[in-house]
Structures are given as structure tokens and as C-alpha cells.
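Show me the folded form of this:
(one chain, ligands or ions: 1)
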Amino acid sequence: MPSDLIPRDGAVERSPAVRTLLRLWPYLRPVRARWFAAAVVAIVASLTSLVIPVVLKWMVDGPIADGDTAGVWLGALWVLLLGLAEAVLFGLRRWLVARPLSGVEARMREALYQRLQRLPIAFHDRWASGQLLSRATTDLMMVRMFLAFPLTFLLVNGVTILAGVVVMLAMDLTLGLLVLIPVVPVILVCTVFEKRFSEASRAAQDQVGDVTTLVEESVLGIRVIKGFGRHRSQARAFRELTHRLRGTELRKARLLGAIMTVIVTLPELAIGACLVLGSVRVADGTLSAGTLVAFLSTALALHWPIVSIGFLLAMSQEAATATARYFEVMDTEPESGSPAAPAPAAGRPGAGAAVKEGGLRLEGVRFRYPDAPADAPPVLDGVDLHVRPGESLALVGVTGSGKTTLTALVPRLHEITEGRITLDGVDITAMPREELRSRVAVAFEDPILFSATVGENVLMGAAGRDGAEDAGALERALGVAQAGFVHALPQGVDTQVGEQGLSLSGGQRQRLALARAVVGRPDFLVLDDPLSALDVHTEAAVEAALREVLADTTALIVAHRPSTVLLADRVALLSGGRIAAVGSHHELLRTNAEYAWLMSGAALEPEEARR
Ligand SMILES: Nc1ncnc2c1ncn2[C@@H]1O[C@H](COP(=O)(O)OP(=O)(O)OP(=O)(O)O)[C@@H](O)[C@H]1O
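Numbering: from 1, shown residues only. Next up, the predicted model:
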């Protein structure tokens with residue numbers, strides 16, 4: 001998803017950088033003592049550098065004018081000691097904040113990860129993964145750097161500049177006022193710069209997200225890219241994105257260059273004017289040479305604190321953008337864990353009252369994807385379906401009829417728009433999500449395995465068990481899913497699979513995903529065509545084992561192949577957003593033309609051929 005399509009969720013209306021950055025306070029709070037201590041140490045270190053010109057003044061007007069060699073050595077020793085003290089104090093500042101601030105970054109990253117886990121599927125459907133990845137990596141790094149440098153040094157430099165100005169005004173009022181002249185134009189330029197740099201910074205960080213998305217997609221889809229020889233067009237697309245990012249970074253550099261020119265040039269001109277005026281006054285005898293040396297040394301000591309303000313403001317602006325991007329995700333409402341009692345709705349059958357019948361029941365279920373166009377019809381439009389306790393019901397329908405969508409509604413991966421779904425008579429919205437998901441197990445057509453061992457992947461479906469119980473459950477689940485092949489893997493069930501481990505075939509992965517679904521002996525099993533990659537014989541063996549081991553489980557199985565349908569107790573046909581027919585496979589073949597057309601391959605099945 002290109003950055004111009006990043007969901008903005010209303011939270012993104014631009015707020016001033018300072019207000020955005022203030023939102024970091026809850027994360028900084030636990031380490032505030034260390035941070036303030038470090039800031040104080042840095043201020044002391046910076047002020048130490050301002051004492052050096054005072055020593056110089058004393059040396060020029062005293063020992064140097066008097067030809068006192070011992071005094072010159074003493075002055076030089078003081079300058080050396082002050083320089084050393086400054087270096088040690090800056091080192092101490094770094095030591096004080098390094099560990100706590102990496103802790104802040106880690107905590108923010110952890111909070112983001114937790115939030116991502118709790119955000120609804122609809123959120124993940126809308127957001128490109130690269131945009132989320134860049135928030136978890138680059139943006140948080142920028143925030144940490146802001147807390148470590150700009151936040152401290154804007155304070156330190158501010159105090160240093162203020163102290164330096166007071167010292168210079170005290171040394172000589174005229175020269176002090178002369179050196180202050182550039183302050184007004186510099187502030188004006190900074191204000192204009194802030195807005196323009198902020199826009200460029202937002203664009204750059206969003207474009208980093210786009211680049212991350214493209215890299216991720218290319219890595220995941222490398223087989224398709226190679227298979228279709230698309231590497232050149234992918235490289236072109238990547239080049240375009242990186243050029244766009246480069247252009248934005250150059251725009252940032254130009255803006256920063258312009259501000260730096262102003263910030264460096266104006267004070268230099270003012271110092272030059274002070275040098276000329278000061279020299280004339282020394283020649284006139286109205287100013288001591290020592291005062292002029294001290295004044296200019298102080299002005300030069302302030303050079304870096306002033307010049308660095310440009311960088312610090314730029315880094316702060318980038319951090320404000322990063323913070324805003326972070327909170328776009330953090331401000332999104334997560335799924336609530338606790339049940340939301342269903343409001344009884346007029347005209348809804350049985351609404352509000354517990355249904356006595358068991359099993360899985362869908363009543364008047366309507367569903368429209370939140371991001372679907374306003375004029376698009378709902379995917380499901382009044383689905384009524386009852387899967388009796390212990391029954392396995394196959395759900396068939398043409399491609400795109402909404403079968404996957406329907407299966408996702410049962411564990412509340414999406415929220416229904418209207419109607420209700422009950423498990424053993426209890427509305428699923430009246431159950432805590434955790435309980436719902438422990439009662440309903442799901443296996444999807446595209447089986448995802450995590451970078452973990454075979455055993456860990458399967459036992460993900462059996463939260464709360466441990467030890468010997470696990471081993472037994474694992475073996476039983478692998479048996480049901482006909483996944484005995486795992487014992488032939490190099491380390492058996494301890495073999496690493498997923499992205500960082502052994503690559504398995506599609507059918508092998510499907511069987512492990514099925515084992516994961518059944519390992520917790522769920523009351524309800526929702527299978528979205530989970531056997532599509534298996535040969536017919538393995539599929540039959542899996543179904544037979546499923547029937548035997550999970551006799552009490554109520555199962556809803558999306559099926560495409562006649563072989564799968566034949567093994568279910570009953571079949572439901574999903575058509576036009578509704579259940580068009582329910583019955584046995586043979587009944588529907590006889591009575592429903594759409595079903596007969598869908599299952600036309602069934603005529604080739606041996607059993608059908610015999611009829
Ligand atoms: N996240 C989404 N946002 C918007 N529309 C979606 C989303 N996911 C699916 N759809 C649309 O919903 C409709 C039903 O899709 P669904 O995946 O449920 O069909 P299906 O019957 O399972 O198809 P298949 O048999 O090909 O797996 C399709 O028109 C699809 O484009």
C-alpha cells in the first residue's frame with residue numbers, strides 16, 4: 001500500500017510537534033530521575049566550557065601582560081583541568097542515559113507489539129505490514145535518539161546560550177547587544193522551517209514504510225517473482241520507491257542546509273562586527289584586550305550550541321513525526337477481551353434469550369467488510385444455519401461467495417454487522433474472547449507455521465496444558481491429522497520449521513495446521529478447506545480419524561471437492577450471501593441445480609458412477 005493510502009484513522013490530524021512529543025512522557029516517566037540527572041550533568045559540563053574564557057581574560061590581562069611565566073602555566077593548567085572536567089562530565093551523561101533510554105525504546109516496542117496482537121483483523125487488512133514494521137523499528141529508534149540527544153541538548157544548549165549571553169552582556173553591554181541582533185531573524189526562519197521540514201519528514205517516514213513493504217512482499221513472493229521472471233519489473237518498482245524516498249530526503253537536506261546557512265552565517269557576521277568594534281575600542285583604550293579576548297572566546301564557545309540547534313530541531317521534528325506515527329497505531333481501539341452483552345433487537349428471532357438447542361447456530365447474519373465500498377452489497381446477507389451438536393457440516397459455494405468470511409465470524413475474527421451467532425445457545429458476543437477462542441479451533445486454507453519446532457507449532461492450539469499431557473495430546477493430534485511424517489524429520493517433533501527452519505510441503509503444513517486445530521480437543525471446529533493440498537486417500541484418512549477422535553466436536557468445514565463433501569454429515573450451499581439449501585450430498589445433487597453444477601465432478605466419483 002503506497003504511503004498516500006496509509007489509513008489515517010482520524011488520529012493523524014496534525015498537532016504541533018511539542019504536543020506530539022509530550023505524549024512520550026508516560027514512557028520517559030520511569031527513568032525521569034536518571035534523565036534529569038544526565039541533563040544537569042550536561043548543563044554543568046557545558047557551563048564549564050564558559051569558564052575557560054574567564055580564565056583566558058585573567059591570563060591576558062594578568063600574567064601575560066605582566067610577563068609572569070608561572071602565572072601563564074597556572075592559567076594553562078586551569079584550562080586543561082576545565083577541559084578534562086567537561087569531557088568527563090559529558091561521558092558521565094552518556095553513561096547515565098544509555099541504558100534507561102534503550103529500556104524506554106524496548107518498552108515502547110513491546111507495547112506496540114502487544115497492541116498489534118490485540119487489534120482486530122480489520123485493522124491488519126487495512127495496514128500494509130511494512131508501515132507497521134517501520135514504526136516498530138526506524139520510528140522507535142528515532143524516538144530513542146530524540147530522548148538521548150535533542151531533548152537533552154535543546155535544554156543544555158538553551159541554558160548555555162542564556163548563560164553565555166548574560167556573561168557577554170556583563171563583560172560589555174554594547175558588544176553584548178550587537179551579538180544578540182541575529183536572534184530575531186533566526187527565530188523567524190526556524191518557525192518557517194519547522195512546518196516545511198515536518199511535512200517532508202512525514203513523507204520520508206511513510207515512504208520508508210512503503211520501501212519496507214515492497215522488500216517484505218518481494219521476499220515472501222520470491223517464487224512468484226522468479227517463476228514469472230518479474231525480477232526486472234520488481235526492481236523497477238523498488239527503484240521508483242527508493243528514488244521517491246531519495247527525493248524527499250534531498251528536500252529535507254535542502255531545507256536543513258538553508259536553515260544551517262542562516263544559523264551559522266548571521267551569528268558569524270555578528271561576531272565579526274564585534275571583533276571590528278572591539279578592536280577599535282581596544283585601540284581607543286576604552287576596552288581591555290583581555291575583555292575582548294574573553295568576549296570573543298565566549299562567543300566562539302557558544303558557536304557549537306547555536307549551530308547544533310538546527311540539527312537538534314530537525315531531529316526533534318523527525319522524532320515528532322515518528323511519535324505521531326507510533327500513536328496512530330497505539331490509539332486504534334483494540335478488540336475488547338470482555339464480553340459485550342448483545343442488545344436485544346426487535347425483529348431478531350430469539351434475540352436476548354438463550355437458545356435451548358446446542359451446536360453452532362447463525363441467525364440472520366449479515367456482514368459487510370468495514371472497508372468495502374459503500375454501494376457494494378454485503379458479503380453475507382441473512383445467513384441462517386444450524387450445525388447440530390457433534391455434527392460435521394460442509395459449506396460449499398462458488399469462489400468468492402463468502403465461505404471464508406463466514407468461518408472468520410465464528411471465532412470473531414471479524415464482527416458481524418447484524419444478526420447473531422450462538423454456541424450451545426450462548427451468543428458469542430456474550431462470551432469473553434479468550435473463552436470463545438478456546439472453544440472454537442480454526443484451521444485455514446493457507447497454513448501458517450511459526451519459526452518454532454513442530455511440537456511448539458502444534459501445541460499453540462492447546463494453551464494451558466503442559467508436560468506429559470502435552471506429549472499425549474501432541475501425538476493424538478498428529479495421528480488425527482495423519483502427520484506421522486514428522487517422526488521422519490531430522491529431530492522429529494523437535495525439528496525447527498517456519499521461516500527460520502525446515503521447509504515443508506503445502507500438504508505437510510496443512511496437516512500440522514490441522515493438528516494445531518484439533519490438539520486442544522475443541523468443542524467447535526471451523527476448517528476453511530484445510531485439506532485442499534492433500535491427496536484424496538490422505539484426506540479420507542484424516543476425515544475418518546477426525547470422526548473417530550472428535551465425535552463430540554461440532555464441525556463446520558468449507559469444502560470445494562466432492563471427496564470432502566461426501567465425508568460430512570450434511571452440506572449447506574452458500575449462494576447470494578445466504579444459505580440457499582441444506583441437506584445431504586445426494587439430496588442436494590437431486591434438488592439443487594447450482595449444487596449439482598458445483599459438484600459436477602461428483603459424477604466422476606466411484607460412488608456416483610455406480611448409481
Ligand atoms: N478483507 C476484505 N475486505 C474487503 N472485502 C473482502 C475482504 N476479504 C474478502 N473480501 C471479499 O469478500 C468476498 C467473499 O470472500 P471470501 O474469501 O469469503 O470468499 P470464499 O467463498 O471463501 O472464496 P474462495 O472459495 O475463493 O476461498 C469476496 O468478494 C472478497 O473480495
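
where does the stretch 501-611 of the chain have low pLDDT?
501-502, 549-550, 601-611 (pLDDT under 70).

Which positions in the protein make contact with the ligand?
The chain has residues 125, 369, 371-372, 379, 397, 399-405 near the ligand, with proximity defined as C-beta under 6 Å from any ligand atom. (Each C-beta comes from the backbone N, C-alpha and C, glycine too.)

Most widely separated two among those?
Greatest spacing in those, by C-beta to C-beta: D371 and G397 (22.3 Å).

The two: which is more packed in?
With neighbours defined as other C-beta atoms under 10 Å, D371 and G397 compare such that G397 has more, 23 against 9.

Surely the more buried one touches G577?
No. Between G397 and G577 there is no contact under C-beta atoms under 8 Å: 9.9 Å.

residues near R439, how many?
With other C-beta under 10 Å as criterion, R439 counts 19.

What does the pLDDT read for it?
pLDDT recorded at R439 is 88.

Then the one 3 residues further on?
According to the model's per-residue confidence, V442 sits at a pLDDT of 88.

Check the one 10 residues further on too.
Reported pLDDT at A452 in the predicted model: 87.

And for it, nearest residue in space, chain neighbours not counted?
Closest residue in space to A452, ignoring its immediate chain neighbours: G498 at 6.2 Å, by C-beta to C-beta, 6 or more residues apart in numbering.

Against R509, how distant is the one you found?
Look at G498 and R509: by C-beta to C-beta, to the nearest Å, they are 10 Å apart.

For those two, list the residues in contact with both.
L449 (C-beta atoms under 8 Å, 6 or more residues apart in numbering).

For the residue nearest in space to the middle of the chain, pull up the helix or strand it's in.
Nearest to the mean C-alpha position of the chain, counting by C-alpha atoms, centre = their mean, stands L132 at 3.3 Å. Under the criterion of DSSP states H and E, L132 resides in helix 129-134.

With D371 instead?
Counting by DSSP H and E, D371 is part of no helix or strand.

got it, and L527?
strand 524-528.

quick one, domains of the protein?
22-330, 360-448+523-610 (automatic domain parsing).

and the first one, how far apart are its ends?
Distance between the boundary residues of domain 22-330 (C-alpha to C-alpha, to the nearest Å) amounts to 15 Å.

And for stretch 161-179?
Using C-alpha to C-alpha, the distance between the terminal residues of stretch 161-179 is 12 Å.

got the buried residues for it?
For stretch 161-179, the neighbour count (16 or more other C-beta atoms under 10 Å) marks I161, A163, G164, V165, V167, M168, M171, D172, L175, G176, L178, V179 as buried.

Return the closest of these with respect to the ligand.
I161 (54.3 Å; C-beta to the nearest ligand atom).

I'd like the next helix or strand past whatever helix or strand that closest one lives in.
Assigned by DSSP H and E, I161 belongs to helix 150-171. As assigned by DSSP H and E, the chain's next helix or strand after helix 150-171 is helix 173-180.

For that next one, what does the pLDDT average out to?
89.

Then stretch 228-248?
pLDDT averaged over stretch 228-248 gives 90.

That'll do, ta.
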